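Enquirer: Show me how the following folds:
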Amino acid sequence: MTAPEIIVERQLAAYNSHDLDAFAATYAPDVCINRRSGDRLLGRDAVRQAYADMFAKGRCRAEIVGRLTEGDWVVDHEIAHGVTDDPLRVLVAYRVRDGLIDHVDFLG
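Expert: This next block holds a predicted model:
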């Protein structure tokens, strides 16, 4: 695994175990996340706020069905469970710099 893949895997493990502290720790303080809805999360504190309730309820889980990597980028084809009534298929592009995820684009 490349260094960026290791960070994204750490983020996925924290997401699936609903560990908000470990999840937030994988993101840069000034991370930018472009969500499927068109809104944007700016900063680690916004990430914590956005995911806190979902993690507290223990209702989210993601499975990776495909992955591409190139340089600082990791693109996962994910099936997200517990976010909507039905499983949600999405592409997620993560950019990792200096050991932290600093940019995320949800596609599809």
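
Enquirer: what's the closest non-adjacent residue to Trp73?
Expert: Counting by C-beta to C-beta, 6 or more residues apart in numbering, Trp73 lies nearest to Arg95, which is 5.5 Å off, once chain neighbours are set aside. All C-beta atoms are positioned from the backbone trio N, CA, C, and that covers glycine.

Enquirer: and whichever strand or helix holds the one you found, which strands flank it?
Expert: Assigned by DSSP states H and E, Arg95 belongs to strand 88-97. Using DSSP bridges, strand 88-97 pairs in its sheet with strand 73-81 (antiparallel), strand 100-107 (antiparallel).

Enquirer: Please identify the buried residues of that strand?
Expert: 88, 92, 94-96 (16 or more other C-beta atoms under 10 Å).

Enquirer: do the same with stretch 34-49
Expert: 41, 44, 47-48.

Enquirer: Also stretch 100-108?
Expert: Result for stretch 100-108 [16+ other C-beta under 10 Å]: buried residues 100-106.

Enquirer: go on, stretch 15-34?
Expert: Buried residues in stretch 15-34, counted by 16+ other C-beta under 10 Å: 15, 18, 20, 23-24, 26-28, 31-33.
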